[in-house]
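**Q** Got a sequence here, can you build the structure:
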Amino acid sequence: MSPRLDVAVVGAGVAGLTTAHELRRAGLTVRVYEEQPHVGGRMHSFRYDGYTIDTGAEQISPHGYRATWQLLHRLGVRRADVPRIGAPLATWRDGRAHPGVADRRAVLTGAGLSPRARVDLARMLAWSARRRAGFDDDHPERSPLGTATVAEFAARYHRDVHDYLLQPLCGSFFGWDTARSTAAPLIGLLLAVGPAADWRTYRDGMDLLARRLASGLDVVTGRAVHQVTTGRGGARLHLDDGSVTARAAVLAVPAPVAARLYATPVTEEAAYLSACTFTPALKVSCLLDRPLAPAGDRRPYVLLTPRAEDQVLSCVIADHVKHPSRAPAGKGLLTLMADAATIPDLLRSPHAEVVDRLTTAALRYVPGLRTAGREYFVHAYTHGLPEATPKALRLRSRFMARGTGPVEYAGDWVMLRPSSEGAVRSGALAASRVLARLAGSPGRPARPIEELTL
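**A** You can find the predicted model right below:
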């Protein structure tokens with residue numbers, strides 16, 4: 001095997017592009033292969049008739065996203081290009097929206113919680129604050145919560161804390177079933193990102209970071225990699241029209257996809273890949289002829305719809321409230337997120353049926369939606385976000401302690417941190433592991449990276 005590249009990266013989401021960026025900075029020849037016709041993965045946005053439609057991720061934070069902000073600064077992205085959203089999150093209960101979710105004042109305002117539940121919320125916040133140092137976002141397996149699921153953690157407190165806070169947060173942002181996913185990554189993430197009032201979005205679409213990264217890289221879109229094999233010379237990528245060899249390969253794809261592409265991983269890799277299950281995601285973008293939004297005392301940009309209230313939707317997002325540039329002047333853009341329990345059936349349904357089911361459910365929260373709707377787009381991800389199951393948490397230490405090899409991995413699942421920050425940090429980690437291996441292998445040595453985003 002005579003390598004044509006130093007490194008081949010499979011997947012042009014934020015994790016893969018970050019990996020390639022770091023390796024390119026180190027002087028290596030890197031090419032990224034992406035099956036879709038565009039970059040961004042679950043942070044893709046597309047433009048249509050004056051609308052900017054985020055198909056996946058919705059926001060970032062000025063807190064807990066250190067690696068992302070370092071990368072943005074290096075790419076010349078101004079702070080003004082990542083404006084504060086400013087509008088609140090709200091929870092639906094008893095026929096109306098209650099603002100203040102993920103806000104420090106929720107203990108006083110309620111944010112949909114009963115008076116007794118607010119007391120328990122205060123207890124939960126105090127417990128988390130005392131143990132904050134034990135929550136390491138890079139090592140969720142070391143947290144004081146161990147492998148307790150979100151539901152098990154919530155059982156310590158009033159039922160409302162689960163039903164009207166933790167479950168809707170998990171269901172809307174991660175698509176998690178609280179009985180399957182562990183609490184450690186969730187509580188660690190909430191502690192890191194701070195109150196929702198500080199959250200931000202990218203002015204020109206959530207794909208801004210991916211577009212900036214890709215502009216300086218060799219990226220081939222519309223090329224599917226079907227298998228990755230290894231040999232003495234490194235790795236070989238098998239494509240429709242032949243194969244490509246490289247000294248190393250990085251699989252920056254969801255864990256189930258990585259397990260399918262590379263059939264001979266070492267034991268620690270195989271066990272962790274198998275444990276890293278994903279939840280599907282499905283959302284409908286509603287292009288409106290006027291700027292409708294869920295009603296409330298303070299117009300929210302996200303309305304959480306707890307499973308205790310709604311079994312079809314997990315939330316409604318007012319994208320034109322998130323940032324005015326998402327819709328033309330005088331128009332509106334809403335996103336309807338499906339509840340995880342309904343997604344398996346919806347994935348098999350025609351798009352017209354998906355739109356009808358979600359918009360019918362949303363009329364409860366946005367009464368004029370049907371008459372204001374112009375066009376609708378359905379976005380579905382079989383592999384939406386990693387679940388962070390107890391099994392994955394238990395196996396992560398061995399996975400992270402494994403030796404370097406010709407095939408490495410990147411993605412938020414590597415960090416068990418379902419966010420773009422998790423993707424960025426995993427990309428930096430994958431790059432450092434590749435450099436460590438290639439520096440000691442035959443061929444042109446790798447030039448060390450001056451500053452990784454870890």
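**Q** end-to-end on stretch 54-73?
**A** One end of stretch 54-73 to the other measures 22 Å (CA to CA, to the nearest Å).
**Q** Can you read off the pLDDT for residue 294?
**A** Note on residue 294: pLDDT of 88.
**Q** Counting by contacts, list what the helix-or-strand element of the chain with minimal mean pLDDT packs against.
**A** Within the chain, no helix or strand scores below helix 106-109, which has a mean of 80 by mean pLDDT, DSSP states H and E. On a contact count with 3 or more CB pairs under 8 Å, 6 or more residues apart in numbering; DSSP states H and E, helix 106-109 meets helix 115-130. In this view, the C-beta of every residue, glycine as well, is placed from N, C-alpha and C.
**Q** Following element in sequence after the helix it packs on, please.
**A** Once helix 115-130 ends, the next helix or strand along the chain (criterion: DSSP states H and E) is helix 150-154.
**Q** who touches that following helix?
**A** Outside helix 150-154, the residues within contact range by CB atoms under 8 Å, 6 or more residues apart in numbering are 145, 161-162, 166-167, 170, 176, 178-179, 181-183, 186-187.
**Q** any idea whether residue 384 is helix, strand or coil?
**A** Three-state call for residue 384 (DSSP: H, G, I helix; E, B strand; the rest coil): strand.
**Q** and which of the contacts of helix 150-154 is nearest residue 361?
**A** Distance to residue 361, by CB to CB, is smallest for residue 167 among the contacts of helix 150-154, at 17.1 Å.
**Q** Please name every helix or strand in contact with the helix or strand hosting the closest one.
**A** Secondary structure from DSSP H and E places residue 167 in helix 167-169. Applying 3+ CB pairs under 8 Å, 6+ apart, one finds that helix 167-169 contacts no other helix or strand.
**Q** what is the rounded mean pLDDT of that helix?
**A** Helix 167-169 shows a mean pLDDT of 96.
**Q** helix or strand right after that helix?
**A** Later in the chain than helix 167-169, the nearest helix or strand by DSSP H and E is helix 183-193.
**Q** What is the distance between that following helix and the centre of its chain?
**A** Distance, stretch centre to chain centre, for helix 183-193: 14 Å (CA atoms, centre = their mean, to the nearest Å).
**Q** residues in contact with it?
**A** The contact list for helix 183-193 (CB under 8 Å, 6+ apart) reads 61, 63-65, 102, 128, 132, 135-137, 140-141, 143, 145-150, 152-154, 166, 169-170, 174, 176, 199, 388, 393, 416-419.
**Q** What's the first helix or strand after that helix?
**A** Once helix 183-193 ends, the next helix or strand along the chain (criterion: DSSP H and E) is helix 208-215.
**Q** List of residues touching the next helix or strand after that next one?
**A** Remark: after helix 208-215, the chain's next helix or strand is strand 219-221, criterion DSSP H and E. Taking contacts as CB under 8 Å, 6+ apart, the residues outside strand 219-221 that touch it are 12, 17, 20, 31, 32, 33, 34, 36, 37, 38, 39.
**Q** Pull the number of nearby residues for the fourth one.
**A** Looking back up the chat, that one is residue 31. Counted by other CB atoms under 10 Å, the residues lying close to residue 31 total 19.
**Q** where's it relative to residue 20, distance?
**A** Using CB to CB, to the nearest Å, one obtains 8 Å as the distance from residue 31 to residue 20.
**Q** go on, the fifth one?
**A** Relative to residue 20, residue 32 is positioned 5 Å away (CB to CB).
**Q** Give the residues shared as contacts by residue 31 and residue 20.
**A** Residues touching both residue 31 and residue 20 (CB under 8 Å, 6+ apart): 7, 9, 218, 219.
**Q** Separate out the buried members of those.
**A** Neighbour-count burial (16 or more other CB atoms under 10 Å) applied to the shared contacts of residue 31 and residue 20 gives 7, 9, 219.
**Q** Fine by me, thanks again.
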